[in-house]
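[1] attaching a predicted model along with its sequence, questions to come.
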Amino acid sequence: MDNKYRTLGEFIIENQASFQYSSGELSKLINALRLAAKVVNHEVNKAGLVDIIGGAGDTNVQGEDQQKLDVLANEKFIQTLKNREIVCGIASEEEDDFISINSQDENHQNKYIVLIDPLDGSSNIDVNVSVGSIFSIYRRITPVGTPVTLEDFLQPGINQVAAGYVIYGTSTMLVYTTGHGVNGFTLNPAMGTFYLSHPDMSFPETGRIYSMNEGNYVHFPQGVKDYIKYCQMEEGDRPYTSRYIGSLVSDFHRNMIKGGIYIYPKSSVASNGKLRLLYECNPMAFLAEQANGKATDGYRRIMEIQPTELHQRVPFFCGSSKMVEKAESFMAKYA
């Protein structure tokens, strides 16, 4: 079948046997995330027409101001996953603690937990810039049929069975992996259907884009400062181009297609960086590695870090493998 006519639903069914656990439950879970993404996309596209832009007047557990769409997207993802009775637990950037889900069936056998960033880059909504949703899926490690515990969520990224993101931009795309490469699906708004538009997505081995908030330059470690100067030096294929949207999903998506590196390092004002390990860095690292890229904290592979907190933050270097390795070489000088 021609890829442009292949729907996400068909793709999931065709590739179900390649999932590590092919009971059909994971397929249903990805379908539930697809539905939630379509609902959130509908709401994002109404921004400016109804009262859903701007701050909600609250802060989340991170101490960050919540946007109205943060709250709405969080509710839609949680509601959709709960209604489908597929997962046994959910953790979200917008929730203080994880949510344990007990099915109406007393003997429920749900095996999966989901971690989500419901609306990454939501502060960009007001100015009509691309935003996204990020998800990470694990099999629980505590006994099936019992309430989930924190232990189920504090798993290293190498245990992920699926991860992905939805980008709400000039077109809406769902990009995901189950450990067998990365594929992207574009939403046809007239049909309400996602079609395979970007099969076997892959980072170029190197690129000419570096993405970071250089406004924090004075607070960065010396290794990062040296790498920035390297990127700006006129030599060979340099200087590189600086491109920073301020939405992890958007910056990652562009770099995966064009080749580049995304960096959010630790700094003198954020000793552990800003991005969250469990529902931002781990899923993006899984996608990067499945697309021939690389993701580290400057020294260690992101997916091998053992989490200790639900909302743990880590520095993040992610993108084309040779560019990440070069950045690591500058960091190693000051290790």
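    Noted; the coordinates are in hand. Numbers count the residues shown, from 1 in each chain.
[2] what count of nearby residues applies to the residue nearest to M233 when sequence neighbours are not counted?
    Leaving aside its sequence neighbours, M233 sits nearest to P239 (C-beta to C-beta, 6 or more residues apart in numbering; 6.3 Å). C-betas here are computed from N, CA, C, even on glycine. If you count neighbours by other C-beta atoms under 10 Å, P239 ends up with 14.
[3] wait, isn't P239 in contact with K229?
    No - using C-beta atoms under 8 Å, P239 makes no contact with K229, being 10.0 Å away.
[4] what about the residue nearest to S267 when sequence neighbours are not counted, how many neighbours?
    Leaving aside its chain neighbours, S267 sits nearest to H219 (3.8 Å; criterion: C-beta to C-beta, 6+ apart). When neighbours are counted by other C-beta under 10 Å, H219 registers 14.
[5] tell me the contacts of H219?
    S267, S268, V269, A270 (C-beta atoms under 8 Å, 6 or more residues apart in numbering).
[6] most neighbours, which of these?
    Neighbour max across the contacts of H219 (other C-beta under 10 Å) = S267, 19 neighbours.
[7] quick check: it vs G169, distance?
    Distance, S267 to G169, using C-beta to C-beta, to the nearest Å: 28 Å.
[8] what do you get for A288?
    19 Å.
[9] now do N216
    25 Å.
[10] low-confidence ranges in this structure?
    Within the chain, the ranges that satisfy pLDDT under 70 run 1-4, 18-23, 47-67, 103-108.
[11] rerun that using 50 as the cut-off
    The chain contains residues with pLDDT under 50 at 49-54, 56-57.
[12] distance from the helix or strand containing K294 to the middle of the chain?
    Assigned by DSSP states H and E, K294 belongs to strand 293-296. Relative to its chain's centre, strand 293-296 lies at 14 Å (C-alpha atoms, centre = their mean, to the nearest Å).
[13] can you name every helix or strand that that strand contacts?
    If you count contacts as 3 or more C-beta pairs under 8 Å, 6 or more residues apart in numbering; DSSP states H and E, strand 293-296 packs onto helix 282-290, strand 316-320, helix 321-332.
[14] what are the ranges of the strands in the stretch 51-200 of the chain?
    55-59, 65-67, 87-92, 99-100, 112-120, 131-139, 162-168, 172-177, 183-188, 193-198 (DSSP state E, counting those that start in this stretch).
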